[in-house]
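Visitor: Quick check, what structure comes out for this input:
(4 chains)
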Protein chains: 2
Amino acid sequence: MAKAKRPLKWQRDPEGMRLRILEAAKQEFSAHGLAGARVDRIAAKAGANKRMLYYHVGNKDELYLAVLEGAYDKIRSEERGLDLEHLDPPEAIRRLIEFTWNYFLCNPEFLSLLQTENLARAKHLKKSTKVKSMHSPFVEMIRTVVRRGVDSGDFQVAVDPVQLYISIAALSFFYLSNSATLSVIFGRDLLDKKAKDERLAHMSGLVLAALTGRSVELFEIAKAPKSRSAVVQTV
Amino acid sequence: MAKAKRPLKWQRDPEGMRLRILEAAKQEFSAHGLAGARVDRIAAKAGANKRMLYYHVGNKDELYLAVLEGAYDKIRSEERGLDLEHLDPPEAIRRLIEFTWNYFLCNPEFLSLLQTENLARAKHLKKSTKVKSMHSPFVEMIRTVVRRGVDSGDFQVAVDPVQLYISIAALSFFYLSNSATLSVIFGRDLLDKKAKDERLAHMSGLVLAALTGRSVELFEIAKAPKSRSAVVQTV
DNA sequence: CGAGAAATTAACCCGTTGGATAAATACTGT
DNA sequence: ACAGTATTTATCCAACGGGTTAATTTCTCG
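Guide: Below you'll find the model as predicted:
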């Protein structure tokens, strides 16, 4: 009822239409996966006639790929906006972890889309020259930061930047993308405020302790106030 | 052609039939997700008439839930078979990481099923009293091992066992479940032998370094031979 | 052996869904 | 103003896909 659409007279708006279609498609594909997504729902959500999808983007698969490319484009763009090279190495890594965590937290559709694409064994991504050319600036950033950290003595060990990049992503990604099943298994909500704060502290503590070798102060809840045994985390 | 099925005369085999159905369903759901799975394909793969699915298990959703419960049942069972409590703490953690890694590696359908279920926000799992009652023995195991490690001085810090459990799972899970897209992004096969060996070494090194504070020897490639700078990993 | 129950097959049903065709309407440049 | 093109709407449809109905075969046990 609130839908109120009176296409008695309509206007042209190709760019806007395309954007609305892609946004609606992102929602639909991330909520239902590729096979579960419904072309008609995308059209409805975009306030468009179904034909418009094919006219402006293409068939279901092409639409999906366009959404996926858009998602990678967005994260790469935000990654480039981050300047961590001038920070001291431990702080740079901490910021990197926080950025990753927050990005995933604020962009759950990105997680869903990646899950969906991996379920499809990256079948679509492989066809995208666009995405293949979008390299994350983080790998090189990590490489130089680790090198600096080792030189300065902050870090004990030179770790492969690709491995570290994957590990940092993994710690956030898995927690968030699997929060639904994990919450059921553990019988507690992993997404409430307290749990999320603890998770971020744990991840930062784990990675920084591994790199610096000085665990104790790092494993505390970030900026932990209160009277809490200095070493023991929420057991 | 090789399908050769002659149901001219057939035999009864309810238990066998049920097993074949569940196995075929596991394959289908993990390969295509819930929405992408085809009931007819499951029947065909099971060498059964479609009607049999409904007769022995139930509709598509019930079939899916049965598969999911079976998957959890299997991993819990293998987890219970592991006895790590008597090992010294660092070795226990290392073994735990190796078990997790190998289990995921050998049971890719489990990863896919979890991904699918999380895409559905654990909608089905929530309805399963069976799964909810299947607690992993690892959380308590980690709790006692960490306690022992702290007491013995092996570990620098008492970490929340749930967080550690999730982190260990995360490091393996993400790498494997997202290997398809990551391989495209990095332009190299993350699943070849060398890459997998390096990943396991990295994960063990990361977690044990964080816990013990002694990174150097732990970050080497496991049992690394050859002439390789002792500290630098595959940069 | 034979009747009733259990297991399996064969065939059909019907709403859904991705995609296509054709007609209508809104712009744009001349 | 108007011809031509770009954009949008209105309908249609054939294949698909989950689920069902009914008949058929096999087994069990008295």
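Visitor: which helix is the longest one in chain A?
Guide: helix A:14-36 (DSSP state H).
Visitor: Quick check: buried residues in it?
Guide: Using 16 or more other Cβ atoms under 10 Å in any protein chain shown as the test for burial, helix A:14-36 gives A:17-18, A:20-36. C-beta coordinates here come from the backbone N, C-alpha and C atoms, glycine included.
Visitor: ditto for stretch A:105-122
Guide: Buried residues in stretch A:105-122 (16+ other Cβ under 10 Å): A:105, A:107, A:109-120, A:122.
Visitor: Which helix or strand lies directly C-terminal to the helix or strand harbouring residue A:171?
Guide: For residue A:171, the element it lies in under DSSP states H and E is helix A:161-177. Counting by DSSP H and E, the next helix or strand C-terminal to helix A:161-177 is helix A:179-186.
Visitor: If you average the pLDDT over that next one, what comes out?
Guide: For helix A:179-186, mean pLDDT is 98.
Visitor: With stretch A:60-69 instead?
Guide: 98.
Visitor: same deal with stretch A:108-127?
Guide: Across stretch A:108-127, pLDDT averages out at 98.
Visitor: Tell me if that stretch is near DNA strand C.
Guide: No. Applying Cβ under 7 Å from any atom of the strand, one finds stretch A:108-127 separated from DNA strand C by no less than 13.3 Å.
Visitor: how about the spatially most central residue of chain A, secondary structure?
Guide: Central residue of chain A (Cα atoms, centre = their mean): residue A:104, 3.3 Å from the mean position. When classified by DSSP: H, G, I helix; E, B strand; the rest coil, residue A:104 comes out as helix.
Visitor: Run through the residues that contact it.
Guide: Applying Cβ atoms under 8 Å, 6 or more residues apart in numbering or on different chains, we find residue A:104 in contact with A:110, A:111, A:172, A:173, A:176.
Visitor: which of the residues you listed lies closest to residue A:188?
Guide: Nearest to residue A:188, judged by Cβ to Cβ, of the contacts of residue A:104 is residue A:176 at 15.3 Å.
Visitor: from memory the closest one sits against residue A:106, does it?
Guide: No. Counting by Cβ atoms under 8 Å, residue A:176 stays clear of residue A:106, with 10.6 Å between them.
Visitor: re the thing from before, farthest-apart pair in the contacts of residue A:104, please.
Guide: Greatest spacing in the contacts of residue A:104, by Cβ to Cβ: A:110 and A:172 (11.5 Å).
Visitor: how many neighbours does the residue lying closest to residue A:26 once chain neighbours are set aside have?
Guide: Leaving aside its chain neighbours, residue A:26 sits nearest to residue A:67 (4.8 Å; criterion: Cβ to Cβ, 6 or more residues apart in numbering or on different chains). By other Cβ atoms under 10 Å in any protein chain shown, 27 other residues sit near residue A:67.
Visitor: same question, residue A:180
Guide: Close neighbours of residue A:180, defined as other Cβ under 10 Å, add up to 21.
Visitor: now the closest residue to it other than its chain neighbours: how far from DNA strand D?
Guide: Closest residue to residue A:180 apart from its sequence neighbours, by Cβ to Cβ, 6+ apart: residue B:122 at 3.6 Å. Residue B:122 is 20 Å from DNA strand D, where distance means Cβ to the nearest atom of the strand, to the nearest Å.
Visitor: residues contacting residue B:122?
Guide: Shown in contact with residue B:122 (Cβ under 8 Å, 6+ apart): A:180, A:181, A:183, A:184.
Visitor: ok so, going back, dump the helix holding residue A:171 to PDB, keeping only the CA atoms.
Guide: C-alpha atoms of helix A:161-177 as PDB (Å, rounded to 0.1, in the frame of the first residue of the first chain):
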ATOM      1  CA  PRO A 161      52.800 -10.100   4.300                       C
ATOM      2  CA  VAL A 162      50.300 -12.100   2.300                       C
ATOM      3  CA  GLN A 163      49.900 -14.600   5.100                       C
ATOM      4  CA  LEU A 164      49.500 -11.800   7.600                       C
ATOM      5  CA  TYR A 165      47.000 -10.000   5.400                       C
ATOM      6  CA  ILE A 166      45.000 -13.200   5.100                       C
ATOM      7  CA  SER A 167      45.200 -13.900   8.800                       C
ATOM      8  CA  ILE A 168      44.000 -10.400   9.800                       C
ATOM      9  CA  ALA A 169      41.100 -10.700   7.400                       C
ATOM     10  CA  ALA A 170      40.400 -14.200   8.600                       C
ATOM     11  CA  LEU A 171      40.100 -13.200  12.300                       C
ATOM     12  CA  SER A 172      37.400 -10.600  11.500                       C
ATOM     13  CA  PHE A 173      35.800 -12.300   8.600                       C
ATOM     14  CA  PHE A 174      35.100 -15.600  10.100                       C
ATOM     15  CA  TYR A 175      33.800 -14.200  13.400                       C
ATOM     16  CA  LEU A 176      31.300 -12.000  11.500                       C
ATOM     17  CA  SER A 177      30.400 -14.200   8.600                       C
END
